[in-house]
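In: what follows is a predicted protein model with its sequence.
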Amino acid sequence: MEADELMAALERQLKPYRGTLPSFPRLPEAGVPRAEVAGLVERLAAIEESRWRDGYASGAVYHGDPEHVAFLNRVYAAQSQSNPLHPDLWPSATKFEAEIVSMTAGMLGARHADPAAPVVGTVSSGGTESILLAMKTYRDFARARRGIAEPEIVAPVTAHAAFDKAARYFDMPLIRVPVDDAFRADLAAMAAAVTDRTAVVVGSSPSFPHGVIDPIPQIAALVAERGAGCHVDACLGGFIVPWAEKLGYPVPPFDFRLPGVTSMSADTHKYGYAAKGSSVVLYRGRDLRQFQYYTTVDWPGGLYLSPTFAGSRPGALSATCWAAMVSIGERGYTEAARRILETGAKVRDGIAAIPGVRVLGDPLWVIAFATEEGVDVFGVMENMSGRGWSLNGLQRPAAVHIAITLRHTLPGVADRFLADLRAAVEEVRANPGVSSGLAPVYGMAASLPAELVHAMLSAYLDLTFEV
């Protein structure tokens, strides 16, 4: 497919409302009546709701039960004007955020920490910000306390792209190490990569691409010996793995029970079932967290301080996060994890039973799969898209994954997925080379020079901002 043809296809996919719904490239001269505006927003929501509501999305909406959504909306409405930047006006915001951090830390082994270095943290806008904050913290700590002029990050190739983003933003060299045949961090390669310049070593619980948990106990022990920090990215698994362990699944310790773990990230807006836009970053000790904060004392506008990158923040999102956690509780999270893990096992085994398809690694609920030669896995992904499914494309190796959520635990959803996947594989095998949408982008990314792929992705982002 030629580049122009590809962009035209993507444009049709990204801009389906062109010419069918009102558009506002400029401010209307007179405001549109509120009822009309609300009606348009509700119409768009109704158009887009069915796919995620009926369990066709990988991840994206992690709870989605109408009663839960209505409950979060009620809390959001009550706190829609609050802003943690002004705690004198909204002290409730500090209550919510302090308790979110404390509850998350307690879930992740904080009681095992030395009282002299308690587990502390902050609320952020999502997993990417949590990771960026942690990496910025380690950079500044390494410079100030360890005398490292150019602090480095060591991370497996499967660690989230946000670590690469942090490396670029904060001018930190990122040393990527390979993974083993099970897609877990290669410990020997990691040990070889750690030097006197290493500020932090990263492990995932689990990794986003393949849903497998890195050998965190060994990584934490290795890092402790070298005097560096150890960050566990539990953005995806922080609200599943603790309950999986309680349910008897074979997961190793991965949190602050391990002395070498010095920070963690966990997304409340994923399996914590909060509204989108919240995460938690945790540190072992207040001293480390100090390097995340921003303060200035000589600005004419007064003393200025903020715990995260943003100044003003939506207090309503912290309120909905707090409400979700308090209303669900340990029993609710454990039951949700049980349903997700049981469905994950069913989907994993069902995928493995499809001829020509293999599951990558040994995942619990984020299931990655590849295909045999002659069956384009991205063609399978696109075929599944035509059947209503929204899945995640992977590369190196080429694969696709589905992140199981509570939507997939509903009756019949897992069976429908497996039946559609089997049919999609058979159809792609019988009709090789037929693909559209993002499938050819992934295909070209494997063969084109990196600068051309970057340009293509930038053009894709440009397109999203066109009216």
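Out: Structure's in. What do you need?
In: only C-alpha atoms for contact and neighbour calcs from this point on.
Out: Will do.
In: who's in contact with residue 126?
Out: Neighbour list for residue 126: 267, 269, 276-280 [criterion: Cα atoms under 8 Å, 6 or more residues apart in numbering].
In: can you check residue 445 too?
Out: Taking Cα under 8 Å, 6+ apart as the test, what residue 445 contacts is residue 453.
In: tell me how far it lies from residue 115.
Out: When distance is defined by Cα to Cα, to the nearest Å, residue 445 is 50 Å away from residue 115.
In: again with residue 288
Out: Relative to residue 115, and taking Cα to Cα, residue 288 is found at 15 Å.
In: same thing with residue 460?
Out: Residue 460 is 49 Å from residue 115, by Cα to Cα.
In: now residue 90
Out: Counting by Cα to Cα - residue 90 and residue 115 are separated by 30 Å.
In: which one of the two has more residues nearby?
Out: Per other Cα atoms under 10 Å, whichever of residue 90 and residue 115 has more neighbours is residue 90, with 16 against 10.
In: and that one, what does it touch?
Out: 82-84.
In: now render these as CSV, adding neighbour count, distance to residue 9 and pLDDT.
Out: Shown next, in CSV, are the contacts of residue 90 (neighbours: other Cα atoms under 10 Å; distance: Cα to Cα, whole Å; pLDDT from 0 to 100):
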residue, neighbour count, distance to residue 9, pLDDT
82, 23, 42, 98
83, 22, 41, 97
84, 22, 43, 97
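In: of those, which belong to helices?
Out: Among the contacts of residue 90, no member falls in helices (DSSP state H).
In: next helix or strand past whichever strand or helix holds residue 337?
Out: In this structure, residue 337 sits in helix 315-352 according to DSSP states H and E. Per DSSP H and E, the first helix or strand lying C-terminal to helix 315-352 is strand 357-359.
In: before we move on, back to that, Serialize the contacts of residue 126 to CSV and add fields for neighbour count, pLDDT and distance to residue 345.
Out: Shown next, in CSV, are the contacts of residue 126 (neighbours: other Cα atoms under 10 Å; pLDDT from 0 to 100; distance: Cα to Cα, whole Å):
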residue, neighbour count, pLDDT, distance to residue 345
267, 30, 98, 23
269, 28, 98, 23
276, 18, 97, 27
277, 18, 97, 29
278, 24, 98, 28
279, 29, 98, 27
280, 28, 98, 28
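In: the spatially closest residue to residue 238 that is not a sequence neighbour: what's it in contact with?
Out: Among residues not flanking residue 238 along the chain, residue 266 sits closest, at 4.9 Å (Cα to Cα, 6 or more residues apart in numbering). Residue 266 makes contact with 127, 233-239, 279-281, according to Cα under 8 Å, 6+ apart.
In: kindly state the beta-bridge partners for residue 266.
Out: Beta-bridge pairing for residue 266 (DSSP bridges): residue 280.
In: likewise for residue 359?
Out: residue 369.
In: okay, now the unreliable bits of the stretch 51-200 of the chain?
Out: Across the stretch 51-200 of the chain, nothing is flagged by pLDDT under 70.
In: ditto for the stretch 251-400 of the chain
Out: In the stretch 251-400 of the chain (pLDDT under 70), no residue qualifies.
In: buried residues in the helix or strand harbouring residue 188?
Out: Applying DSSP H and E as the criterion places residue 188 in helix 187-193. Neighbour-count burial for helix 187-193 flags 187, 190-191, 193 (criterion: 16 or more other Cα atoms under 10 Å).
In: ok so, going back, dump the contacts of residue 90 into JSON lines; add distance to residue 102 as well.
Out: Formatted as JSON lines, those follow (distance: Cα to Cα, whole Å):
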{"residue": "82", "distance to residue 102": "21"}
{"residue": "83", "distance to residue 102": "20"}
{"residue": "84", "distance to residue 102": "17"}
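In: and which of those residues is nearest residue 107?
Out: residue 84 (24.1 Å; Cα to Cα).
In: closest one to residue 305 out of the contacts of residue 126, please.
Out: For the contacts of residue 126, the nearest to residue 305 is residue 280 (18.9 Å; Cα to Cα).
In: got a list of contacts for the helix holding residue 188?
Out: In contact with helix 187-193 (Cα under 8 Å, 6+ apart) are residues 154-156, 175, 177-178, 218-219, 222.
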